[in-house]
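Got a predicted model here, sequence first, then my questions.
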Amino acid sequence: MRIIAIANQKGGCGKTTTAINLSACLSQLKKNVLLIDLDPQGHASLGLNIKPQELNRTMYDVLTPDPERKVRLDEVLIPISETLDLAPANIMLSAIEQELSGKPEREAKLSQVISLMVAKKTYDFIIIDCSPSLGLLTFNGLRAANELIAPVETGFFSLHGISRLLETTNLIDKELHYKIKVRALITMFDCRTKFSQEVKDEIYKYFSGNVFSTLIHMNVRLKEASSYGEPVITYDKRCRGAQDYLSLAKEVVQGYSSSPVETTAAPAVKQRNEPQTTQKKAVFMLRAPEAQSVEIAGDFNNWVATQESKLEKLNDGVWVKNFSLEPGRYQYKFIVDGQWVVDPNNPTTELDTSGNINSLMEIR
Ligand SMILES: Nc1ncnc2c1ncn2[C@@H]1O[C@H](COP(=O)(O)OP(=O)(O)OP(=O)(O)O)[C@@H](O)[C@H]1O
Ligand SMILES: [Mg+2]
């Protein structure tokens, strides 16, 4: 049985669309699939035409520590088709983080309930749709899974924040001594724009090539299908979205050929005498099509713009620079043709000691 978490704390990057449509396509390939909705928004449930607010039993009841309320995972399952079951969720699930706080093994609850269910009922695949927050619920999802699919949209700033997700999987690797296999999935790809192509190249670099060769293109049928409460493969099996997700399902069935992603964060198994690094990769991006030069200065380079701090211009007027940084809080600004500007895509700012407003990036 393969347990795959779909996670990325970037909101709206296609996690739920992937969870629903990958599950449905695996099921079409005659695999037995359980889709677990682990997001209090209940979007995976809604997208399969289940009204989560009307349900008496959901993932909340499975994960609650309250013995009066607790039920087994197999008691909440809703059959969607012959080979696809759903474990639904609704807003009640948001209470779980509070209820489990301070409880022993609180991050292993989902893993435990899956193990208990497997004694009675098994699946070829369990797909877990995680929420955009990287809290206890998502930690439970990652801990239960042996694989992670990180959908990354090819939009502006799409890689922002992904290092925290990879850091979490590294933490799990370190504590549990097994490596979660991580693969990125490029979503909402628009082949007409050079920008999509360039972000795609960045994603390949960032994930060291651990990226599905299937691309999920921008396709309005995917949005329509979910608003009708149907997977796209039954809504319109000929559309691009259906073909993409079918291709993804086939690629998933084939398994992994490349090694799991390593980040610059602490690796799971350290070699003896290997220098320890806790550095994380930070990606800075600015769209400035008219600019002749863009540099970055901040706490990480003592506010001195050098050759090293120049951003590289991609086509479509997007400027990019990667830095490897130790965890910490960093104020910074871009210097666009000599003018100091805050990062327009980062809403977090902070005053420096002279009262200037700077952008603030926190690396954990
Ligand atoms: N390939 C695509 N083409 C067009 N629209 C898409 C595509 N993938 C997802 N969408 C739409 O984008 C929106 C966000 O997608 P989705 O809900 O899957 O993201 P998410 O990562 O689960 O969001 P959240 O972080 O809130 O859980 C939805 O309206 C969905 O229908
Ligand atoms: Mg979602």
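Received the coordinates, thanks. In this text, all values refer to a predicted model and were calculated from it rather than measured experimentally. Ligands and ions are numbered 1, 2, ... in the order given.

Just give the number of residues close to T234.
A total of 13 residues lie near T234 under the criterion other Cβ atoms under 10 Å. Placement of C-beta: from N, CA and C, glycine included.

what's the helix or strand for it?
T234 is located in helix 232-235, with elements delineated by DSSP states H and E.

Keeping just the C-alphas, turn the helix or strand following that helix into CSV.
On the C-terminal side of helix 232-235, the nearest following helix or strand under DSSP H and E is helix 240-254. Output in CSV follows, covering the C-alpha atoms of helix 240-254 (Å, rounded to 0.1, in the frame of the first residue of the first chain):
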residue,chain,number,x,y,z
ARG,A,240,-6.6,18.3,-21.4
GLY,A,241,-7.1,18.3,-17.6
ALA,A,242,-8.4,14.7,-17.7
GLN,A,243,-5.6,13.6,-20.0
ASP,A,244,-3.0,15.2,-17.7
TYR,A,245,-4.3,13.6,-14.6
LEU,A,246,-4.5,10.2,-16.2
SER,A,247,-0.9,10.6,-17.4
LEU,A,248,0.0,11.6,-13.8
ALA,A,249,-1.8,8.5,-12.4
LYS,A,250,0.2,6.3,-14.8
GLU,A,251,3.4,7.9,-13.8
VAL,A,252,2.6,7.4,-10.1
VAL,A,253,1.8,3.8,-10.7
GLN,A,254,5.2,3.3,-12.3
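
Which elements pack onto helix 240-254?
helix 15-28, helix 220-227, helix 232-235 (3 or more Cβ pairs under 8 Å, 6 or more residues apart in numbering; DSSP states H and E).

circling back: may I see the buried residues of the helix holding T234?
Buried residues in helix 232-235, counting neighbours by 16 or more other Cβ atoms under 10 Å, are found at V232, I233, Y235.

can you check stretch 162-177 too?
Here stretch 162-177 shows I162, S163, R164, L165, L166, E167, T168, T169, N170, L171, I172, D173 as buried, counting by 16+ other Cβ under 10 Å.

measure the fifth one to ligand 2 for me?
Applying Cβ to the ion, to the nearest Å, one obtains 19 Å for the distance of L166 from ligand 2.

if we can go back for a sec, now tabulate the buried residues of stretch 162-177 in TSV and tack on secondary structure.
Shown next, in TSV, are those (DSSP: H, G, I helix; E, B strand; the rest coil):
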residue	secondary structure
I162	helix
S163	helix
R164	helix
L165	helix
L166	helix
E167	helix
T168	helix
T169	helix
N170	helix
L171	helix
I172	helix
D173	helix
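
Would you mind putting those residues into CSV with pLDDT and distance to L134 alongside?
Output for the buried residues of stretch 162-177, formatted as CSV (pLDDT from 0 to 100; distance: Cβ to Cβ, whole Å):
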residue, pLDDT, distance to L134
I162, 78, 11
S163, 78, 11
R164, 75, 6
L165, 81, 7
L166, 82, 11
E167, 80, 9
T168, 79, 6
T169, 81, 11
N170, 80, 13
L171, 77, 11
I172, 77, 12
D173, 76, 16
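
Distance to ligand 1 added to those, as JSON lines?
Formatted as JSON lines, the buried residues of stretch 162-177 follow (distance: Cβ to the nearest ligand atom, whole Å):
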{"residue": "I162", "distance to ligand 1": "13"}
{"residue": "S163", "distance to ligand 1": "17"}
{"residue": "R164", "distance to ligand 1": "14"}
{"residue": "L165", "distance to ligand 1": "12"}
{"residue": "L166", "distance to ligand 1": "17"}
{"residue": "E167", "distance to ligand 1": "19"}
{"residue": "T168", "distance to ligand 1": "16"}
{"residue": "T169", "distance to ligand 1": "17"}
{"residue": "N170", "distance to ligand 1": "22"}
{"residue": "L171", "distance to ligand 1": "21"}
{"residue": "I172", "distance to ligand 1": "21"}
{"residue": "D173", "distance to ligand 1": "24"}
